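Student: next comes the sequence, and after it the predicted model I'd like to discuss.
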Amino acid sequence: SKNHSTLSSVTSNNDTNNLTSDSLVSPTTPNVLAAMTLRPRKNRVHYTEEPISDNSDVNNHRDYIDASDCRHKSSSTVTSNISQNYFDTTKLQVEQDRDPNIQNIIRNLSTTSGQSLFILEYNKLYKLITCQNSPSRIIKALYLPSSMISSLLEACHDDPLTGAHFSTDRMYYKIRSHFWWPSMKTTIQRYVKSCSLCTQFNIDRAKRYGHLHSIPPPEGPFALIGIDFCEPLPRTPRENQYVLVITDYFTRYITALALPNCTADTTARALFDDLF
């Protein structure tokens, strides 16, 4: 028979040792062009084939796992410092008791019997806010103590999880349904303007105002006039092809002058000779 070439795979060291030069050239064995040795995997878990029953554990059917990775995963812990929100609603009761303005309002509520814009519920002071769109709807917003204003603004504006560097109006509408304090919108506007990131990266999308402005009314006839050319028109026998239209802004009187061209020299000469 003809000698044919094959690619032999040797899977153990013993088989590799038995493969000598004499065996490669033996007439009874085929010519070997290449030999490949497979090394065993480290930390390989061997499983025996067992019949799968209905009550089998899911842990019996898993992929190969590196034992060293398991030891590292069990000992490692993941910590996240993304959010640094220091606003704590559980301190509202304590901070309201310390705020002198809030305590004055609470004392006035106990002494006066008339209708008030504030209400005391569960030892917490609320502000009654009437909605502009629906006057019949009233929102109860917590009176925020002055000591907690900065932490609330930081949580609603700077915190990456609860804030998004919103503008003054969006922050105001976001907070007003939950909390209230005196000069609330002014405080929010001042805080947003002091944010360095907003000043650096927030770009004004609106176009700037142009140099045009409204014309003040004139004081008398021919104190303010407007001129314009009406052209081109068919040429007349006197070689005139343009009409200079002069409008008085006070009397709305219109003067029309026929001119051969629309140059500055011809226009100035017509104004001084025929109008002034």
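Tutor: That came through fine. Numbers count the residues shown, from 1 in each chain.
Student: shaky segments in the stretch 1-150 of the chain?
Tutor: Scanning the stretch 1-150 of the chain for pLDDT under 70 picks out the ranges 1-85.
Student: same for the helix or strand Ser151 falls within, what does it pack against?
Tutor: Here Ser151, judged by DSSP states H and E, is contained in helix 149-157. If contacts are counted by 3 or more CB pairs under 8 Å, 6 or more residues apart in numbering; DSSP states H and E, helix 149-157 sits against helix 168-175, helix 184-193. Heads up, the C-betas are built off the backbone N, CA and C, glycines and all.
Student: what is the mean pLDDT for the last one?
Tutor: In this case it means helix 184-193. Averaged across helix 184-193, pLDDT comes to 90.
Student: quick one: the helices in the stretch 51-200 of the chain?
Tutor: 67-75, 92-98, 100-111, 149-157, 168-175, 184-193, 196-201 (DSSP state H, counting those that start in this stretch).
Student: how about the helices and strands packed on helix 149-157, which one is nearest Arg235?
Tutor: Between Arg235 and the helices and strands packed on helix 149-157, the shortest gap by CB to CB is with helix 168-175, which sits at 61.7 Å.
Student: any chance of the helices and strands packed on helix 149-157 in TSV, plus distance to Leu212 and mean neighbour count?
Tutor: As requested, those are arranged in TSV below (distance: least, CB to CB, whole Å; neighbours: other CB atoms under 10 Å):
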stretch	distance to Leu212	mean neighbour count
helix 168-175	28	16
helix 184-193	29	16
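Student: reformat these as a markdown table; add distance to Ser150.
Tutor: A markdown table is the format used below for those (distance: least, CB to CB, whole Å):
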| stretch | distance to Ser150 |
| --- | --- |
| helix 168-175 | 13 |
| helix 184-193 | 8 |
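Student: which other residues reach the helix holding Ser151?
Tutor: Residues outside helix 149-157 that contact it (CB atoms under 8 Å, 6 or more residues apart in numbering): 85-88, 144, 162-163, 165-166, 171, 174-175, 179, 181, 187-188, 191-192, 195.
Student: at 10 Å what do you get?
Tutor: 83-89, 91, 144, 161-167, 170-172, 174-175, 178-179, 181, 184, 187-188, 190-192, 195, 197-198 (CB atoms under 10 Å, 6 or more residues apart in numbering).
Student: one step back: check the helices of the stretch 51-200 of the chain for me and report the most buried one.
Tutor: helix 149-157 (a mean of 19; mean count of other CB atoms under 10 Å).
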